[in-house]
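In: Fold the following and give me the result.
(chains A, B, C and D)
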Protein chains: 2
Amino acid sequence: MNEKKHLLTMTALDLFYKNGINSVGINEVLKASGVAKKTLYNHFVSKDALIIATLEYRHNVFLHWLKQSLANSTTNEELVRYLFNALTRWFNNEVPELTSFNGCFFINAAAECAGQSEEVITYCRFHKGQVRQLIASHMQTIDEQLLDMICLLKEGAITSAYVSQDLQAAQKCLPWLMSYMKK
Amino acid sequence: MNEKKHLLTMTALDLFYKNGINSVGINEVLKASGVAKKTLYNHFVSKDALIIATLEYRHNVFLHWLKQSLANSTTNEELVRYLFNALTRWFNNEVPELTSFNGCFFINAAAECAGQSEEVITYCRFHKGQVRQLIASHMQTIDEQLLDMICLLKEGAITSAYVSQDLQAAQKCLPWLMSYMKK
DNA sequence: ACACAAGGAGACCGATTTGTCTACCATATA
DNA sequence: TATATGGTAGACAAATCGGTCTCCTTGTGT
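Out: The predicted structure follows:
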């Protein structure tokens, strides 16, 4: 990708994730990145296109981080432990590449762009599906019900960590899942 | 509450919940409610005040609905069943007073107003705390871990129902919780 | 009957929004 | 050296934002 385009995408993601997509104007992105307005519209046809680009970038970073976090898991127990420990590190700002925790960018974006950009919501759904698929691919024995529960608890933990500031939300899920798998 | 003020609050809530707080302007609320701008600013000092009013109104409606949904529960098993069945009805638009399902208004508001209005986020946290307390008050035997899990699964179900359009998310939680309590 | 309060309609303000356009500059390549 | 490319800086447009204000009408209580 072009250097300026990449810079614009990263800058926009930072601002969108921190302050909300609708609260950040194009001019703010330009000022923060030091890029001219014409250059932005040379690479993106509209602000919506820039938003989609930030979603794609965040998706790649997030999936890369998650893939690495789960890489060494060989059993369902390990998968669960690695996953929710990784979430805890994310919540507590111990994962630099995900930047300061502000909830799930895709949940936030879906909430902000409701009835405004169908494309955004579609991409958020796609992201959640990809994450689920990645988790499933690390399961030794496929257990659809366990997969459902892992994903539900994951979403709940992210939301609780963000809205209720319960930074230990992910840790609370672990004993529960462990005791289920031991049966 | 004053009639016009109440009308404004309900109209604003409808629009905010459906299209997002930041996507809906004051003028749109005025047009939809047929109220004059001066009347709005006679009752609310700013748009932020109107937003808070919609949060309070939604909070009251939601808690009233939840209280009624849990009223007949006498055991922890019944509490869980009533709660997640109620959520399923909500997701599937079978609860008129909650209007067409668009996720949790408070999660959405928190996502939209990040780094913009601290008061909004504080109220969203308050709401989540009140809901947790209501659930706790219906527990026959206090089990803090069970309470954590119920709340985490509830948040996860709401998010999954909204973002991933999994309208059966709440139902998936039931067998798990039941089997846990049977132990 | 009169005074006062509340609301309606909407002009208006300044700031900000996304997006376009012009003018100019730097660099690289033929 | 000539030209094309891709950048900067920023004026500008049209719309919209939240918010204030004036003018006029419609009650309502005394």
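
In: For A:Glu112, give its distance to B:Lys47.
Out: 16 Å (CB to CB, to the nearest Å). C-beta here means a position set from N, CA and C on the backbone, and glycine is covered the same way.

In: And those two? Which one has more around it.
Out: A:Glu112 (24 against 18; other CB atoms under 10 Å in any protein chain shown).

In: how far away is the more buried one from chain B?
Out: According to CB to the nearest CB, to the nearest Å, A:Glu112 and chain B sit 5 Å apart.

In: can you tell me the residue of chain A closest to DNA strand C?
Out: A:Gly25 (2.9 Å; CB to the nearest atom of the strand).

In: what about A:Ala114, how many residues close to it?
Out: Neighbour count for A:Ala114, taken as other CB under 10 Å: 21.

In: ok, it - contacts?
Out: Contacts here follow CB atoms under 8 Å, 6 or more residues apart in numbering or on different chains; on that basis A:Ala114 touches A:121, B:18-20, B:23, B:102-103, B:108.

In: longest helix of chain A?
Out: helix A:47-70 (DSSP state H).

In: What helices and strands are in contact with the helix or strand following that one?
Out: Per DSSP states H and E, the first helix or strand lying C-terminal to helix A:47-70 is helix A:76-91. Contact here means 3 or more CB pairs under 8 Å, 6 or more residues apart in numbering or on different chains; DSSP states H and E; on that basis helix A:76-91 packs against helix A:47-70, helix A:144-163, helix A:169-182.

In: switch the cut-off to 10 Å
Out: helix A:47-70, helix A:118-137, helix A:144-163, helix A:169-182 (3 or more CB pairs under 10 Å, 6 or more residues apart in numbering or on different chains; DSSP states H and E).

In: highest average neighbour count across the ones you listed?
Out: Comparing the helices and strands packed on helix A:76-91 by mean neighbour count (mean count of other CB atoms under 10 Å in any protein chain shown), helix A:144-163 ranks first with a mean of 22.

In: what's the angle between it and helix A:118-137?
Out: 130 degrees (axes from the mean of the first three to the mean of the last three CA atoms, to 10 degrees).

In: How about exporting the helix or strand containing A:Ile107 as CSV, limited to the C-alpha atoms?
Out: Taking DSSP H and E as the definition, A:Ile107 sits inside helix A:105-112. Provided in CSV are the C-alpha atoms of helix A:105-112 (Å, rounded to 0.1, in the frame of the first residue of the first chain):
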residue,chain,number,x,y,z
PHE,A,105,-13.6,-1.2,17.4
PHE,A,106,-16.1,-3.2,15.4
ILE,A,107,-18.8,-3.2,18.1
ASN,A,108,-18.3,0.5,18.4
ALA,A,109,-18.3,1.1,14.7
ALA,A,110,-21.5,-1.0,14.3
ALA,A,111,-23.1,1.1,17.0
GLU,A,112,-22.1,4.3,15.5
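
In: next one: phi and psi at the residue of chain A closest to DNA strand C?
Out: phi -90, psi 160 (degrees, to the nearest 10).

In: What of A:Val24?
Out: phi -110, psi 120.

In: That one is in contact with B:Glu112, isn't it?
Out: No - assessed by CB atoms under 10 Å, A:Val24 is found out of contact with B:Glu112, at 12.0 Å.

In: coming back round to it: helix B:105-112 and the helix holding A:Ile107, what's the angle between them?
Out: 110 degrees.

In: From the chain's centroid, how far away is helix A:105-112?
Out: Relative to the centre of its chain, helix A:105-112 is centred 10 Å away, using CA atoms, centre = their mean, to the nearest Å.

In: Point out the other helices and strands that that helix packs with.
Out: Counting contacts by 3+ CB pairs under 10 Å, 6+ apart, helix A:105-112 is packed against helix A:3-19, helix A:47-70, helix A:118-137, helix A:144-163, helix B:105-112, helix B:144-163.

In: Sketch out the low-pLDDT regions of chain A for me.
Out: Within chain A, the ranges that satisfy pLDDT under 70 run A:1, A:183.
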